[in-house]
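1. Turn this into a model:
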Amino acid sequence: MRNKRLVRVGVAAGFALTVAFTTSAEATHEPSKREITAQFTKWNAALASHDPAKVADLYAPDAVLLPTLSNVVRTDRAGLIDYFEEFLEKKPKSTLTQEIITVLDDNTAINTGVYHFDLTVDGHPSAVDARYTFVYEKRHGRWLITNHHSSAMPTP
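-> Okay, the predicted model is just below:
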């Protein structure tokens, strides 16, 4: 009888450890490069909506934006909306030219590279190539942009 009880306790303890390990592994996982690229796709779709608030929703409350077409650093939601109101008037369509993703940990990743914007300025087509860096942080289960730097490429 005593041996059966020890076996049951041992099996139960092993099961508990397995469940705890599985739950822990599922709760945190290193994001894939595809998951981080999807964040750019969301941002690009928000641009296509022409809704500055929708774009700003992708940024953390304490995010910093160094924008492509402005010399003003944006550090709060009002600043983000202000920038994107003006930027979205240009009907931007962006495509990635080069992308380098670095996963720092389960909740932090960086997407750096070059993107191309087709714009409409004063009714005429325009284009700008820019370098970018997006820093993403997963907060409360949601990826948010915490830092975004974008600067126009120098002309040769």
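
2. got the buried residues for the top strand by length along the chain?
-> The strand that spans the most residues within the chain, counting by DSSP state E, is strand 124-139. Counting neighbours by 16 or more other C-beta atoms under 10 Å, one finds that the buried residues in strand 124-139 are 128, 130-132, 134-138. All C-beta spots, glycine's among them, are computed from the backbone N, C-alpha and C.

3. Downstream of that strand, the next helix or strand is which one?
-> Beyond strand 124-139 on the C-terminal side, the first helix or strand identified by DSSP states H and E is strand 142-152.

4. which neighbours does that following strand have in its sheet, and in what orientation?
-> The sheet places strand 142-152 alongside strand 59-66 (parallel), strand 124-139 (antiparallel), with pairing taken from DSSP bridges.

5. rewinding a little: next one: the longest strand of the chain to chain centre, how far?
-> Distance, stretch centre to chain centre, for strand 124-139: 11 Å (C-alpha atoms, centre = their mean, to the nearest Å).

6. returning to that earlier point: which of the buried residues of strand 124-139 lies closest to Lys33?
-> Closest approach to Lys33 among the buried residues of strand 124-139 (C-beta to C-beta): Tyr136, at 12.0 Å.

7. what's the closest of the buried residues of strand 124-139 to Ala56?
-> Comparing the buried residues of strand 124-139 against Ala56 with C-beta to C-beta places Phe134 closest, at 14.4 Å.

8. Contacts only, for Pro52.
-> Listed by C-beta atoms under 8 Å, 6 or more residues apart in numbering, the contact partners of Pro52 are 80-81, 84-85, 88.

9. Show the buried residues in those.
-> Buried positions within the contacts of Pro52, assessed by neighbour count (16+ other C-beta under 10 Å), are 80-81, 84, 88.

10. Count the neighbours of the residue nearest to Leu104 when sequence neighbours are not counted for me.
-> Among residues not flanking Leu104 along the chain, Ile110 sits closest, at 6.8 Å (C-beta to C-beta, 6 or more residues apart in numbering). A count of neighbours around Ile110, defined by other C-beta atoms under 10 Å, yields 15.

11. Wasn't Ala38 part of a helix?
-> Yes - counting by DSSP: H, G, I helix; E, B strand; the rest coil, Ala38 is found in a helix.

12. I'd like the distance between it and Tyr136.
-> With distances taken as C-beta to C-beta, to the nearest Å, Ala38 is found 10 Å from Tyr136.

13. Now do the shared contacts for those two.
-> Here Ala38 and Tyr136 have no joint contacts, going by C-beta under 8 Å, 6+ apart.
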